[in-house]
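Trainee: Sharing a model prediction with you, sequence too.
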Amino acid sequence: MTTASRVLVLNSGSSSVKYQLLDMADSARLAAGLVERIGEETSRLVHEPLTGPGAGGGKRERLGAIADHAAALRVVAAELAADGLGLDSPELAAVGHRVVHGGTRFTQPTVIDDEVLAEIRSLIPLAPLHNPANVTGIEVARSLRADLPQVAVFDTAFHSTMPEHVARYAIDAATAEKYAIRRYGFHGTSHAYVSRATAALLGRPVEDVNVIVLHLGNGASASAVRGGVCVETSMGLTPLEGLVMGTRSGDLDPAVVFHLARVGGFSVDEIDSLLNKKSGLLGLCGDNDMREVLRRAGEGDESARLAFAAYVHRLKKYIGAYSAVLGRVDAVTFTAGVGENAHQVREAAVDGLAELGLALDPEANAVRSSQPRLVSPDYARVAVAVVPTDEELEIATQAYALVTR
Ligand SMILES: Nc1ncnc2c1ncn2[C@@H]1O[C@H](COP(=O)(O)OP(=O)(O)O)[C@@H](O)[C@H]1O
Ligand SMILES: CC(=O)OP(=O)(O)O
Ligand SMILES: [Mg+2]
């Protein structure tokens, strides 16, 4: 039995790496940071040691080009080492990796060996913005510390409980089977963590609570969770389906793709890039950051107002749809960058849904806080909650449970 109780979590996104070092003996955060704008001239690292000699000194920032994820991870390792928290530490029990796509095979946290890594690599076509960065994270961590267990925690895992008739697309069954075409769902560690935290906030057992979770970050997804079990989610084969996102379209008529190809002469790659990188809020108004959209909309900018209205309309549709899926809803919970911070989005999404039992307390909704909280009045049949997500803590918890089992 090992006494090592620390877990380093790497959450690699398409152009960023978020990381945390946690001590699972008491769930304490020992260091945290972020590298963003990887691949650009203006890359930025923010590192905060929360223990050891560097603690108390606040955040350290480094600016300057970081070419790719491998370079970013080396910089992260060096920052941690500078505080005596490097990968060579004997107190490390594991590295936990967020892996976005786990396909049909990975529905549980998994210790990574060569074969598992090859399988994660083979899923790159289903998550081209995410899985390559996840693979790089695993390779770099292994190269720095070969003896340490590396654990993959999959975004798709929490959604693997969706019933077959929810997960299947209504297309030819043999074709779907041959190409593994079905709805997988993403942001699962966040939906799992936030749905549990919502039950705790309501003071009720998870088994008794039905929650609609709205994870609104750069990528955005909704899920319907019945008694702690996911029964429906808005993302599908890839993280493109569903809500309007920062740069992704979410739902559209698939014939848009044929039309662009036949009439517009677009290649498949060009359409992929259009829908994943140049759509959503960015496509509608030229800005993908909700802060900027809100600022411009507040100044009367028409395209920003349109983008906001389209974003909120899609949210409302999913709240309505998932109310029908669940039958009884106890809470609607907002999380991630937009959900936790943009009170205007929460207000507009819930507006007009009194018949579904939803109402907001405007004063509570306007309060800025990093704590889980209710923003609905006591009389509301359905609670509206804001719960900060913590994918890193959830990944560390799952990874640590696996390696100490
Ligand atoms: N104060 C704020 N008001 C509105 N939106 C915000 C605020 N802070 C962050 N955001 C939004 O949150 C998004 C990032 O969310 P986050 O959950 O960190 O995303 P990801 O993990 O996908 O990178 C930003 O693009 C921005 O639009
Ligand atoms: C799966 C997904 O969309 O992740 P992110 O929001 O980090 O881009
Ligand atoms: Mg995220």
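Mentor: Received, thanks. Ligands and ions are numbered 1, 2, ... in the order given.

Trainee: Which positions in the stretch 201-350 of the chain make contact with ligand 1?
Mentor: Selection of the stretch 201-350 of the chain residues close to ligand 1 by CB under 6 Å from any ligand atom yields 217-219, 246, 289-291, 336-338, 341-342. Every residue, glycine included, has its C-beta placed from N, CA and C.

Trainee: List the ones among those that fall in helices.
Mentor: Residues from these lying in helices, with DSSP state H as the criterion: 290-291, 336-338, 341.

Trainee: Stretch 193-200 close to ligand 1?
Mentor: No - Stretch 193-200 does not reach ligand 1 (CB under 6 Å from any ligand atom); its nearest approach is 11.7 Å.

Trainee: Check the average confidence over that stretch, would you?
Mentor: For stretch 193-200, mean pLDDT is 98.

Trainee: That stretch near ligand 2 anywhere?
Mentor: No - using CB under 6 Å from any ligand atom, we find that stretch 193-200 stays clear of ligand 2, coming within 13.8 Å at best.

Trainee: How far off centre is that stretch?
Mentor: Taking CA atoms, centre = their mean, to the nearest Å, the mean C-alpha location of stretch 193-200 is offset from the chain mean by 15 Å.

Trainee: Can you report how many residues neighbour the residue lying closest to Gly357 once chain neighbours are set aside?
Mentor: Taking CB to CB, 6 or more residues apart in numbering as the measure, Gly357 lies nearest to Arg381, with 3.3 Å between them; neighbours along the chain are not counted. Here the neighbour count serves as a burial measure; for Arg381 (other CB atoms under 10 Å) it reads 13.

Trainee: Can you flag the buried ones in the residues of the stretch 201-350 of the chain next to ligand 1?
Mentor: Neighbour-count burial within those applies to 217-219, 246, 290, 336-338, 341-342; the criterion is 16 or more other CB atoms under 10 Å.

Trainee: related to what we said a few turns ago, which of the residues of the stretch 201-350 of the chain next to ligand 1 are close to ligand 2?
Mentor: Residues of these in contact with ligand 2 (CB under 6 Å from any ligand atom): 217-219.

Trainee: got the residues you listed as CSV, with pLDDT columns?
Mentor: Written out in CSV, the entries for these read as follows (pLDDT from 0 to 100):
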residue, pLDDT
Gly217, 94
Asn218, 89
Gly219, 94
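
Trainee: if we can go back for a sec, could you dump the residues of the stretch 201-350 of the chain next to ligand 1 into JSON lines and include distance to Glu48?
Mentor: What follows is these, written out as JSON lines (distance: CB to CB, whole Å):
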{"residue": "Gly217", "distance to Glu48": "20"}
{"residue": "Asn218", "distance to Glu48": "21"}
{"residue": "Gly219", "distance to Glu48": "24"}
{"residue": "Gly246", "distance to Glu48": "25"}
{"residue": "Asp289", "distance to Glu48": "22"}
{"residue": "Met290", "distance to Glu48": "24"}
{"residue": "Arg291", "distance to Glu48": "22"}
{"residue": "Ala336", "distance to Glu48": "20"}
{"residue": "Gly337", "distance to Glu48": "18"}
{"residue": "Val338", "distance to Glu48": "23"}
{"residue": "Asn341", "distance to Glu48": "19"}
{"residue": "Ala342", "distance to Glu48": "24"}
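
Trainee: Dihedrals phi and psi, Arg98?
Mentor: Here is the backbone geometry of Arg98 (degrees, to the nearest 10): phi -70, psi 120.

Trainee: doesn't Glu391 make contact with it?
Mentor: Yes - the criterion here is CB atoms under 8 Å, and Arg98 meets it with Glu391 at 6.5 Å.

Trainee: what helix or strand is the closest residue to ligand 2 within the stretch 51-200 of the chain on?
Mentor: The stretch 51-200 of the chain approaches ligand 2 most closely through Phe186 (3.6 Å), counting by CB to the nearest ligand atom. Counting by DSSP states H and E, Phe186 is held by no secondary-structure element, helix or strand.
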